[in-house]
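Enquirer: sequence first, predicted coordinates after that:
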Amino acid sequence: MSQIVTILKEHWEYRKQIFKLAKADLIKTYRGAALGWSWAIIKPTITIFVYWFAFTIGLRSGKPVNEYPFFLWLIAGLIPWFYMSDMIVAGANCIRKYNYLVTKMKYPVSTIPTFVNISKLAITLILIVIMIIIFACLGYAPDIYLLQLPIYIILAFLLFNLWGFFASFLGAISKDFINLVKSFITALFWLSGVLWNPNTVTIGWVRKFLNLNPITFIANGFRNCFIDKVWIWEQPKRLLYFVIILVILLIAGLWAYKKLRKDIPDVL
């Protein structure tokens, strides 16, 4: 409990620096590119088009879902995935990336995953606004179910902040861990229901296992807001599983913070 109090205190005392560093991280990501910030929109747009073309034109499997065009179903899952995939890697690599804050400055290491997370989320919020506009332009105006979207955004932020808090310490100690995380991204993508609905799996235990995936929970949560029209409390078991994963990540993060914090400056 004392560690949690210390971490929260560090976040409060350095709250201004956290947002300044998040802004700096955002600027650094697109610095030097001729199109600048446009890449934040161009890159996901190209990815969405490729998957839409592959499933709708190539494989001819892009059928409407709940009377919504497949394209809308696709972007409702892909846009949160862009944020999640970025944070899976960035969360593990953030301390090593900003090693000078640890080795050359007296800066609380616990806040590094937070400002990186804020930076990645900022781009996602822009994409979400664009997605809402696309839905509206195609005749699917926002309704009452969209009110729960901030809940899923907050849950996603908490999930990957805790992930970054845990994984960043391991990533700082070993580059092999970062490479291991990168190698699992593709597997997570195909096993997380971003491009397909895990609920269609006929084998019961496999379906339950896939739905335990917190990435699946977030992707399905966005689709619950836009496509399926399901309230978050209508799936209490999935929410409970997600909370349990948050608690596990918190415990793992506190363990890593306690065991590895003092060793990081020497390793870096």
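Expert: Now that the structure is in, tell me what you want to look at. Everything numeric here is computed off the predicted structure, so don't read it as measured data.

Enquirer: starting at the chain centroid, how far to the helix or strand containing Ile154?
Expert: Assigned by DSSP states H and E, Ile154 falls within helix 149-173. Once both centres are worked out by C-alpha atoms, centre = their mean, to the nearest Å, helix 149-173 turns out to sit 8 Å from its chain's centre.

Enquirer: got the buried residues for it?
Expert: Within helix 149-173, the residues that count as buried by 16 or more other C-beta atoms under 10 Å are 149, 152-153, 155-173. C-betas here are computed from N, CA, C, even on glycine.

Enquirer: against Tyr145, how distant is Lys262?
Expert: Applying C-beta to C-beta, to the nearest Å, the value for Lys262 to Tyr145 is 47 Å.

Enquirer: cool, Leu101 as well?
Expert: Applying C-beta to C-beta to Leu101 and Tyr145 gives a distance of 41 Å.

Enquirer: neighbour count for the two, which is higher?
Expert: Of the pair Leu101 and Tyr145, Leu101 is the one with more neighbours under other C-beta atoms under 10 Å, namely 19 against 16.

Enquirer: contact partners for the more buried one?
Expert: By C-beta atoms under 8 Å, 6 or more residues apart in numbering, Leu101 lies in contact with Tyr107, Val109, Ile112.

Enquirer: give me the residue at the spatial middle of the chain.
Expert: Met84 (2.3 Å; C-alpha atoms, centre = their mean).

Enquirer: how many neighbours does the residue nearest to that residue when sequence neighbours are not counted have?
Expert: Spatial nearest neighbour of Met84, excluding adjacent residues (C-beta to C-beta, 6 or more residues apart in numbering): Ile215 at 5.6 Å. A count of neighbours around Ile215, defined by other C-beta under 10 Å, yields 22.

Enquirer: what packs against the helix holding Ile154?
Expert: helix 70-97, helix 112-137, helix 175-191, helix 214-223, helix 236-260, helix 264-267 (3 or more C-beta pairs under 8 Å, 6 or more residues apart in numbering; DSSP states H and E).

Enquirer: out of the ones you listed, which one sits most buried?
Expert: Per residue and on average, the most neighbours among the helices and strands packed on helix 149-173 fall to helix 214-223, with a mean of 24 (mean count of other C-beta atoms under 10 Å).
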